[in-house]
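Visitor: Make a model of this:
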Amino acid sequence: MTAATTTAEPAPPAALPRQPWNRHLAVVAVLAVLLVPLPLVLPGAQEAVVVRVMIFAILSIGWNVMSGFGGMFSFGHAAYFGLGAYTTAWLLVERDVSPWIGMAAGMVVAAAFAVVIGFLALRYELRGAYFALATFAFAEMLRLWATNSDFVHRAEGYHVPLLPENSWWYLQFEPGSPHYFWIALALTVAALVVSILFLRSRAGQFALAARDDEEAAASVGIPVMRYKLMTMALAGAISSVAGAFYVQYYLFVDPDLAFGSSQSIQAILPAVIGGVATIWGPVIGAAVLGPLSDVTATVLRNPPPFLDFLQGRGGLDVILYGLLLIVIILLLPKGIYGALRDRWSRR
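Guide: Take a look at the predicted model:
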């Protein structure tokens, strides 16, 4: 065969665009430095709101790892929040163990529980709504167990004993102390960094491949179940940190507070509002939703003159809060961060 008739070899495929992981890490570092002095100028009430925002940002980051990047929609993320809360509270109250150690133990317990849930659900090929219902059922199972178990004080739950002085070892400070803010900030930064490092790792890339096309991923030799379980374990561990810190901040936990469906909703909403399967979606969503609930409650409790007829009417703040959420979801189906990112990319 002559050179003229020889078929040209196909050109190699174009390289996929590299994700700006280092840029995300740099933004995390800059924001952390900028936020450090914030509690020194914030009034106590506003500082409490910001701390609550960061707690639920951590919870939502964990949900986003599993449901956004892993493609396994969870409606039972309260299970991991509650396991972190109860493990920390039990070790502290019953065994006088530092909350820092309790937090680490809670991460192990939540990760192990996530693997058990994941193995059972994936083993029997539960997908979509059936997987979500399975996660909800496991969270309800934990709630009912805690409500009826003497081992964790039944429905009474745990009250964290107050200390006479500040203690880093027992993670307890006077009300309004900036230390709570700084610890919550450090935990939020750690959750963001861990999620970014996971996504840029080999395991994270395999998890994304399994999310996008499970059959294709398996056909090229990716052990799909292994990386799905790894993703669930990481998500459970991150979310348990939110529960552990919640107990130390509010000094109380009971079964409904820890394992109730409201906590699962608190995990989902920030990511949906901010942008599912994005790095910054859960943080932005939590930053919007946290103050929003307080603002709507305050406005309707002390309304302007033209809304005087609403004053004192119970439940209206919740209705207005729900309406605002619906408007945000309808106008920004990809979330706030997703919409901003798409708009920026079109420039």
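Visitor: Name the residues that touch the worst-scoring helix or strand of the chain on mean pLDDT?
Guide: Sorted by mean pLDDT, DSSP states H and E, the helices and strands of the chain end with helix 316-331, the least confident at a mean of 77. Outside helix 316-331, the residues that touch it by Cβ atoms under 8 Å, 6 or more residues apart in numbering are 269, 272-273, 288-289, 292-293, 296-297, 299-301, 310, 336. Bear in mind the C-beta positions are built from the backbone N, C-alpha and C, glycine included.
Visitor: List just the nearest of these to residue 71.
Guide: The closest of the contacts of helix 316-331 to residue 71 turns out to be residue 272 (Cβ to Cβ; 15.1 Å).
Visitor: Pull the contacting residues for the closest one.
Guide: Residue 272 touches 285, 329, 335, counting by Cβ under 8 Å, 6+ apart.
Visitor: per-residue confidence for it?
Guide: You'll see residue 272 listed with a pLDDT of 92.
Visitor: can you pick the most crowded of the contacts of residue 272?
Guide: The most crowded member of these, judged by other Cβ atoms under 10 Å, is residue 285 (29 neighbours).
Visitor: Work out for me the element that residue sits within.
Guide: helix 281-301 (DSSP states H and E).
Visitor: Could you list every helix and strand in contact with that helix?
Guide: Applying 3 or more Cβ pairs under 8 Å, 6 or more residues apart in numbering; DSSP states H and E, one finds that helix 281-301 contacts helix 44-63, helix 261-274, helix 316-331, helix 335-345.
Visitor: and the angle from the last one to helix 281-301?
Guide: On the basis of axes from the mean of the first three to the mean of the last three Cα atoms, to 10 degrees, helix 335-345 is oriented at 120 degrees to helix 281-301.
Visitor: buried residues in helix 335-345?
Guide: For helix 335-345, burial by neighbour count (16 or more other Cβ atoms under 10 Å) applies to 335-338, 340-341.
Visitor: again with the first one
Guide: For helix 44-63, burial by neighbour count (16+ other Cβ under 10 Å) applies to 47-48, 50-63.
Visitor: Quick check: the closest residue to residue 63 other than its chain neighbours vs residue 81, distance?
Guide: For residue 63, ignoring the flanking residues on the chain, the nearest one in space by Cβ to Cβ, 6 or more residues apart in numbering is residue 267 at 4.0 Å. Residue 267 is 7 Å from residue 81, where distance means Cβ to Cβ, to the nearest Å.
Visitor: next one: residue 240
Guide: For residue 240 relative to residue 81 (Cβ to Cβ), the value is 7 Å.
Visitor: Identify all contacting residues around the helix holding residue 285.
Guide: Under the contact criterion Cβ under 8 Å, 6+ apart, helix 281-301 has outside partners 49-50, 52-54, 56-57, 60-61, 63-64, 68, 188, 192, 269-275, 307, 310-311, 313, 316-317, 320-321, 324-325, 328, 335-338.
Visitor: returning to what we had before: compare the contacts of helix 316-331 and tell me which is most surrounded.
Guide: Most surrounded of the contacts of helix 316-331: other Cβ under 10 Å gives residue 273, at 25 neighbours.
Visitor: nearest residue to it other than its sequence neighbours?
Guide: residue 285 (3.8 Å).
Visitor: Can you give me the pLDDT of residue 341?
Guide: At residue 341, the pLDDT value in this model is 86.
Visitor: tell me the contacts of it?
Guide: Counted by Cβ under 8 Å, 6+ apart, residue 341 has contacts 275, 278.
Visitor: For the most centrally placed residue in the chain, give me its contacts.
Guide: Nearest residue to the geometric centre of the chain (Cα atoms, centre = their mean): residue 60, 1.9 Å. Applying Cβ under 8 Å, 6+ apart, we find residue 60 in contact with 266-271, 274, 282-283, 285-286.
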